[in-house]
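Asks: Build me a model from this:
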Amino acid sequence: MTMETNILDTIKTRRSCRKYTTEQISDDELNQVIEAGLYAPSGHGQQDPVIVAVQDEEMKQMLTAMNAAVMGVTSNPFYDAPTYILVFASADNKNAFQDGSCVLENMMLAAHALGLGTCWINREHEMFATEEGKELMKTMGLKEGLIGIGALSIGHPATPAKPAAERKMGRVVIIK
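Replies: So this is what the prediction gives:
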């Protein structure tokens with residue numbers, strides 16, 4: 001599948017997906033989404049964020065349990081998506097959260113352009129600050145000194161996205 005070319009339409013129609021089919025995304029789709037993340041802007045052009053895609057069921061269960069524990073729930077904060085994508089950045093990068101957020105947004109837009117659904121998942125900073133999280137990062141083969149920024153649940157949407165809400169007025173000031 002190829003991506004849409006009208007970026008404004010993609011931005012206007014992308015919505016969070018919280019219900020996925022069980023069908024796994026293709027390697028081609030995953031690679032295109034990751035490529036979009038790799039081309040996100042980064043402070044001083046450092047290209048610091050690291051992307052980890054997880055499709056292994058055992059690791060997904062561990063991530064689900066860790067995130068749910070931080071959230072204080074027993075449900076799956078990743079909404080049973082077939083793929084999780086985690087974003088990390090260097091702890092000493094002053095732009096870690098800004099850079100990682102740009103990576104996540106690029107990937108959400110690319111996924112939507114491919115007809116996939118995503119949802120931004122929080123709490124990765126807390127998850128990977130724990131000893132369990134640091135050990136899991138080692139298992140993933142990540143270098144020391146990284147922090148969790150955020151994650152995406154990603155897959156084929158089980159239901160159509162709702163239309164965007166009306167935009168609130170009074171949020172723009174233009175000074176000439």
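Asks: quick one: what helix or strand has the residue most central in space within the chain in it?
Replies: Nearest to the mean C-alpha position of the chain, by Cα atoms, centre = their mean, lies Leu152 at 2.8 Å. Per DSSP states H and E, Leu152 falls inside strand 146-155.
Asks: Show me what that strand pairs with in its sheet, parallel or antiparallel.
Replies: strand 83-90 (antiparallel), strand 117-121 (antiparallel) (DSSP bridges).
Asks: mind listing what the residue nearest to Ser16 when sequence neighbours are not counted touches?
Replies: Spatial nearest neighbour of Ser16, excluding adjacent residues (Cβ to Cβ, 6 or more residues apart in numbering): Cys119 at 4.4 Å. All C-beta atoms are positioned from the backbone trio N, CA, C, and that covers glycine. With contacts defined as Cβ atoms under 8 Å, 6 or more residues apart in numbering, Cys119 is in contact with 16-18, 79, 81, 152-153.
Asks: out of those residues, which are buried?
Replies: Taking 16 or more other Cβ atoms under 10 Å as the criterion, what is buried in those is 17, 79, 81, 152-153.
Asks: Quick check: the farthest pair among those?
Replies: Using Cβ to Cβ, the buried ones among the contacts of Cys119 span at most 10.6 Å, a distance reached by Tyr79 and Leu152.
Asks: gap between the two ends of stretch 18-33?
Replies: This stretch, stretch 18-33, spans 18 Å end to end (Cα to Cα, to the nearest Å).
Asks: need the contact list for the closest residue to Ile121 other than its chain neighbours.
Replies: Among residues not flanking Ile121 along the chain, Ala151 sits closest, at 4.2 Å (Cβ to Cβ, 6+ apart). The contact partners of Ala151, by Cβ under 8 Å, 6+ apart, come to 63, 67, 78, 84-87, 104, 120-121, 124.
Asks: Not including adjacent chain positions, what is the nearest residue to Gly133?
Replies: Met127 (4.9 Å).
Asks: likewise Glu105?
Replies: Ala40 (7.3 Å).
Asks: now the strands paired with strand 146-155 as TSV including mean pLDDT and distance to Glu166?
Replies: Shown next, in TSV, are the strands paired with strand 146-155 (pLDDT from 0 to 100; distance: least, Cβ to Cβ, whole Å):
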stretch	mean pLDDT	distance to Glu166
strand 83-90	98	30
strand 117-121	98	22
